[in-house]
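Student: The sequence isn't on hand, but the structure is:
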């Protein structure tokens, strides 16, 4: 009886142990299955929001120096470069000496200090003819501002309050300190009362614009006001006025003031990314595996107000424009975006890199795709959804930064957003500046990157001609190196 009881207990323990082992193995197997599924979902998610490349073309992180890209750009922005224009270098010296002689708010308050030209973007400067616009609208005015400051012997300062200060993104790169002293006492109310150089857009004023612009220049030249505000955009006529004046005075580079390499030199003398933005650029470049001069860049401006047959695109909220609430990505809008993107990428592929003297790489040159429509970028960078023709697909290596959210427009989408929310557009700009070749269409953002970069390898994939009011658009347009 005792032996039978012991046998029963042993048998029970053995069965229990076996059951436990089987259950444990089942749990382990289930965990492994769950882990595999979760990992798969995570990888799929990452493939949608991180930098895309073909799996067999991925550059190992260890092969890319994370600091080499931005360091090369920062080196150009160090302030040591000469712009090969006597009047420019003379102005830079005048500007730097004046800021040293009149530190802090004394540049604005000391009667002996030079007068100031204040490039302004804020609520105190809005007029019915002009708004600050996006990044290109704001930074493309640099040559015009510099010319007017030199003409009137004023110190050029820059102040943004929409959506944030410019220093939230860019800071002085060297001896040209364009910042407004923090203790200056200039607020939106006082800035709004300053005399203003504000002509508006030439295409809105048409034949009235030349006379208004010339009158505004005359008012600025004759003004004795200590601070004069400028908020007019850099337009075709304004640029022509400046270049004609410089050429008449014998300038050898007057007709290149708004084009590379002179515009890029001026930009580098003024700006470099602040530390937080620099880190964000470094991180994006590291993940994309990019090296300066060894990739192309393609820009798609798909939310442009006149980019859809002269009609405004209704945004995702069904009420406002796409620039305000984001671009819908379905139906005809999606088809049109894919059509534009396909033409742009194929246009860029017509500017291949020169043959290498070394071993030929099996990896195609990367094409960095950037756009104001993150959904369109995601479609093109994923090999599974890339809409390019199948016979071309294997020869395209399209990458992007994180596109999990849409790029915000500085003028329309700044409400309650942190500076970091706008980093994407600055990351795109600096990465595009480092490209071997830049392809762009309508809008000014891609063109701004070309003006800064100085590359002679360019292409335009889309045009509004004339711009506006007569809209004549060719979405299959491709002009290589003809800009």
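Tutor: Cool, the structure landed. This one's a predicted model, so the numbers in the text were calculated from it and none came from an experiment.
Student: If you tally nearby residues, what's the number for residue 104?
Tutor: Using other Cβ atoms under 10 Å, residue 104 is surrounded by 13 other residues. Quick note: C-beta positions are derived from backbone N, CA and C, even for glycine.
Student: can you give me the strands in the stretch 51-200 of the chain?
Tutor: Assigned strands in the stretch 51-200 of the chain, in chain order: 116-121, 155-160, 170-172, 196-197 (criterion: DSSP state E, counting those that start in this stretch).
Student: nearest to residue 267, of those strands?
Tutor: Residue 267 lies closest to strand 170-172 among the strands of the stretch 51-200 of the chain, at 9.7 Å (Cβ to Cβ).
Student: packing partners for the closest one?
Tutor: Packing contacts for strand 170-172, counted by 3 or more Cβ pairs under 8 Å, 6 or more residues apart in numbering; DSSP states H and E, involve strand 271-273.
Student: Low-confidence ranges, the stretch 1-150 of the chain, go.
Tutor: 1-70, 73-81, 124-131 (pLDDT under 70).
Student: Ok, the stretch 201-350 of the chain next?
Tutor: Along the stretch 201-350 of the chain, segments meeting pLDDT under 70 span 201-206, 234-237, 252-255, 309-312.
Student: show me where it has helices.
Tutor: Secondary structure of the stretch 201-350 of the chain (DSSP state H, counting those that start in this stretch): helices at 202-205, 209-222, 236-248, 262-270, 275-288, 322-325, 331-349.
Student: As JSON lines, those with mean neighbour count would be great.
Tutor: Putting the helices of the stretch 201-350 of the chain into JSON lines (neighbours: other Cβ atoms under 10 Å) gives the following:
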{"stretch": "helix 202-205", "mean neighbour count": "17"}
{"stretch": "helix 209-222", "mean neighbour count": "15"}
{"stretch": "helix 236-248", "mean neighbour count": "17"}
{"stretch": "helix 262-270", "mean neighbour count": "23"}
{"stretch": "helix 275-288", "mean neighbour count": "19"}
{"stretch": "helix 322-325", "mean neighbour count": "20"}
{"stretch": "helix 331-349", "mean neighbour count": "19"}
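Student: Kindly state which of these is positioned closest to residue 152.
Tutor: helix 209-222 (5.7 Å).
Student: So which elements touch that closest one?
Tutor: Against helix 209-222 (3+ Cβ pairs under 8 Å, 6+ apart) you get helix 142-152, strand 196-197, helix 202-205, helix 236-248.
Student: thinking again about what came up before, show me the one of the helices of the stretch 201-350 of the chain that comes nearest residue 104.
Tutor: helix 262-270 (20.2 Å).
Student: hang on, the earlier thing: so which of the strands of the stretch 51-200 of the chain is nearest residue 292?
Tutor: strand 170-172 (19.1 Å).
Student: Quickly note the distance from residue 249 to residue 87.
Tutor: The gap separating residue 249 from residue 87 is 8 Å, by Cβ to Cβ, to the nearest Å.
Student: for residue 454, same thing?
Tutor: For residue 454, the distance to residue 87 equals 20 Å [Cβ to Cβ].
Student: What residues does residue 238 make contact with?
Tutor: 144, 199, 202, 213, 232 (Cβ atoms under 8 Å, 6 or more residues apart in numbering).
Student: I figured residue 460 hits residue 477, correct?
Tutor: Yes: using Cβ atoms under 8 Å, residue 460 makes contact with residue 477 at a distance of 6.9 Å.
Student: surely residue 436 meets residue 353?
Tutor: Yes: Residue 436 lies in contact with residue 353 (Cβ under 8 Å); the separation is 6.3 Å.
Student: Between these two, which has more neighbouring residues?
Tutor: A side-by-side neighbour count of residue 436 and residue 353, using other Cβ under 10 Å, places residue 436 first with 20 against 15.
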